[in-house]
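> Pasted the sequence and its predicted model underneath.
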Amino acid sequence: MEMTALFLSRIQFAFTITFHIIFPSFTIGLAAWLTVLEAMYLATGRAAYRVIFEFWLRIFGIAFGLGVVSGIVMGFQLGTNWSVLSRMSGPIQGPLLMYETFTAFMLEATFFGVLIFGRSRVPPWFYLFSTAMVGLGTTFSAFWIMVNNSWMQVPTGYVLENGVFAPNDWTKILFNSVVWSRFPHMLFASYLTGAFCVAATGAWYLLRKEYHAEARIMLRMGLGLAAVLMPIQLLFGHLTGEYVNTYQPSKMAAIEGRWNDEKPASEVLFAWPDVANRRNLFEIKLPPPFGSLIDADSLTAGETGLNSIPPENWPPVLIPFLSFRIMVGCGLVMLGLAWFGTYMSYRHRLAYNRPMLWLTFFSFPLPFIAIITGWFTAEVGRQPWVVFGVLRTADAVTPFLTTREATISLVIFCAVYAFIFLFGTFYIYRLIRNGPARRLLETPHLAVPNRPMSLADEETIQEPSYGIAGE
């Protein structure tokens, strides 16, 4: 591919959003789980829940900070590399980002300090309330981002005036039916990310024969939550596919590797799309009407093929085709692990089955891979449109942006993000290595404004074991 300013800007945005989404997806799920832990501690008085809470709170604090830092540049990129998009969609996207600030950031900024520093300074009920408000703030943040992105996927509630998308019906923008399948899909993906990271950490401690009570609680709760949420997540994934089939036939055709119109349609399980010759190599597929049933909930529906769409409106076929299958594959593996692990936990055998513990431990990348490939499917499949059907990506880039400027920007972003990732990974590993049986003696020692990462450095004390938790 030719290294144009447009191509380099697309690579830069793809790189930064891929890196950034790791942290919000982790902290959204973790914030909700922290709320559950604190509620269980207050309800039962069991100290193990308190120890686990403080352990994951420190990890949450670091991941939350990394998410904020890595997300700041997303807004700057819209001005530096995509100024035409900013100018044209600003009347819609600007207020949506403002709503995120007034709701999500307000809650997070107000109560995050209480969460980190206020344990000994506020009543227990208010500390639980603060934990819930931080979790609600992360959820609001996901909601407004999904509203914003869903408008770009299926633009509605606007008129084009003087070359600008002006909102004429905010209810259509905010209550777009697309949002109400995509937002829960993203939210449950975040919950599953937190669940599998917690379960994998518990499995690691059991493999090392450390922190048995806390590890078994983490393993049981993580896999149990995933066992309940995975079927719901698959349902919302199917509903998300229905909007794609309805509003973005080019994306659906690329995802399915479907070249010709079919009625009813077959379902390609795996292939290698040969775009130059408009065919699939090494194709394995199910016969009709499986494609119509999966895509349209119908045994007779017709499905559009890429040959019926002008080639200039095709997305890069290979990326959404493969990324979708990777996402679904990760989801099915997580479903199997969650169900089988929960069954073994019910039979009181999970903590002693080392092969299953190893499988659970190595499962922690799966939700991250699923989220990233899901975003690749959605965003690359939307091409060549940045606002589907009305504004092409090539027309949204900043005019007169040179290849040299885009290259320098890309190199700087990659270097800074690599440093942030290594820095965050080191501190999170350090916290996990210390383990949940170590906690801060006094939370006021954390209040060192010039050292926000001191969460991993404070003096710790060894907590006693609180007995073996039941499976």
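That came in fine, so what should we check first?

> Quick check: residue 37 vs residue 60, distance?
As judged by CB to CB, to the nearest Å, residue 37 and residue 60 stand 11 Å apart. C-betas here are computed from N, CA, C, even on glycine.

> what residues are up against the residue nearest to residue 192 when sequence neighbours are not counted?
Spatial nearest neighbour of residue 192, excluding adjacent residues (CB to CB, 6 or more residues apart in numbering): residue 367 at 5.0 Å. Contacts for residue 367 were tallied using CB atoms under 8 Å, 6 or more residues apart in numbering; they are 25, 189, 192-193, 196-197, 330, 334.

> Could you single out the nearest of these to residue 404?
residue 25 (34.2 Å; CB to CB).

> Can you name the element that comes right after the helix or strand containing the closest one?
Element membership of residue 25, judged by DSSP states H and E, is helix 5-44. The first helix or strand that comes after helix 5-44 along the chain, using DSSP H and E, is helix 47-80.

> Taking helix 5-44 as reference, get the angle to that following helix.
Between helix 47-80 and helix 5-44, the angle formed by their directions is 160 degrees, by axes from the mean of the first three to the mean of the last three CA atoms, to 10 degrees.

> Residue 283 falls within a strand, correct?
Yes: counting by DSSP: H, G, I helix; E, B strand; the rest coil, residue 283 is found in a strand.

> Let me see the contact set for residue 194.
26, 28-30, 32-33.

> What of residue 354?
If a contact means CB under 8 Å, 6+ apart, then residue 354 has residue 207 as its contacts.

> Next one, pLDDT for it please.
The model reports residue 354 with a pLDDT of 93.

> now do residue 252
pLDDT, residue 252: 95.

> Tell me how many other residues surround it.
By the criterion of other CB atoms under 10 Å, residue 252 has 23 neighbours.

> how far away is it from residue 42?
Summarising the geometry, the distance separating residue 252 from residue 42, computed by CB to CB, is 48 Å.

> Kindly report the same for residue 92.
From residue 92 across to residue 42, the span is 43 Å (CB to CB).

> Give me the more crowded residue out of those two.
A direct count of neighbours by other CB under 10 Å for residue 92 and residue 42 places residue 92 higher, at 22 against 14.

> hang on, isn't the more buried one packed against residue 167?
Yes: contact status for residue 92 versus residue 167: in contact at 5.2 Å, counting by CB atoms under 8 Å.

> Mutual contacts of those two, please.
With CB under 8 Å, 6+ apart as the test, residue 92 and residue 167 both reach 158, 173.

> How about the contacts made by residue 129?
By CB under 8 Å, 6+ apart, the neighbours of residue 129 are residue 111.

> For residue 103, see how far away it is.
In terms of CB to CB, residue 129 sits 17 Å off from residue 103.

> Then residue 15?
For residue 15, the distance to residue 103 (CB to CB) stands at 28 Å.

> Same check on residue 140?
When CB to CB is the yardstick, residue 140 and residue 103 sit 4 Å from each other.

> how deep is residue 292 tucked in, by neighbour count?
Residues near residue 292, counting by other CB under 10 Å, number 22.

> ugh, typo on my part, it should be residue 329
Residue 329 has 15 neighbouring residues, counting by other CB under 10 Å.

> Name the surrounding residues that touch stretch 104-119.
If you take CB under 8 Å, 6+ apart as the criterion, stretch 104-119 is touched by 57, 61, 64, 121-122, 126-127, 129-131, 133-134, 136-141, 143-144, 443-444, 446-447, 455.

> mind redoing it with 7 Å?
The contact list for stretch 104-119 (CB atoms under 7 Å, 6 or more residues apart in numbering) reads 57, 61, 122, 127, 130-131, 133-134, 136-138, 140-141, 144, 443, 446-447.

> can you check stretch 228-245 too?
Applying CB under 7 Å, 6+ apart, the contact partners of stretch 228-245 are 154, 178, 181-182, 184-185, 188-189, 191-192, 251-252, 295-296, 331, 334-335, 338.

> And the pLDDT for residue 358?
Listed pLDDT for residue 358 reads 95.

> doesn't it fall inside a helix?
Yes: when the secondary structure is assigned by three-state DSSP, residue 358 falls within a helix.

> Report the mean per-residue pLDDT for stretch 325-338.
The pLDDT scores in stretch 325-338 average 95.

> would you put the C-alpha positions of that stretch in PDB?
Only the C-alpha atoms of stretch 325-338 are listed here, as PDB (Å, rounded to 0.1, in the frame of the first residue of the first chain):
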ATOM      1  CA  ARG A 325     -14.300 -15.400  13.100                       C
ATOM      2  CA  ILE A 326     -11.500 -14.800  15.700                       C
ATOM      3  CA  MET A 327     -14.000 -12.900  17.800                       C
ATOM      4  CA  VAL A 328     -16.600 -15.700  17.600                       C
ATOM      5  CA  GLY A 329     -14.000 -18.300  18.200                       C
ATOM      6  CA  CYS A 330     -12.800 -16.600  21.400                       C
ATOM      7  CA  GLY A 331     -16.400 -16.300  22.600                       C
ATOM      8  CA  LEU A 332     -17.100 -20.000  22.100                       C
ATOM      9  CA  VAL A 333     -13.900 -21.000  23.900                       C
ATOM     10  CA  MET A 334     -14.800 -18.700  26.800                       C
ATOM     11  CA  LEU A 335     -18.300 -20.100  26.900                       C
ATOM     12  CA  GLY A 336     -16.900 -23.700  27.100                       C
ATOM     13  CA  LEU A 337     -14.400 -22.800  29.800                       C
ATOM     14  CA  ALA A 338     -16.900 -20.900  31.900                       C
END
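
> domain ranges for this structure?
As given by automatic domain parsing, the domain ranges for the chain are 5-255+312-462, 262-303.

> measure the last one end to end?
Spelled out, it's domain 262-303. From its first residue to its last, domain 262-303 covers 5 Å (CA to CA, to the nearest Å).

> so what's the backbone phi/psi at residue 264?
Main-chain torsions, residue 264, degrees, to the nearest 10: phi -70, psi 170.
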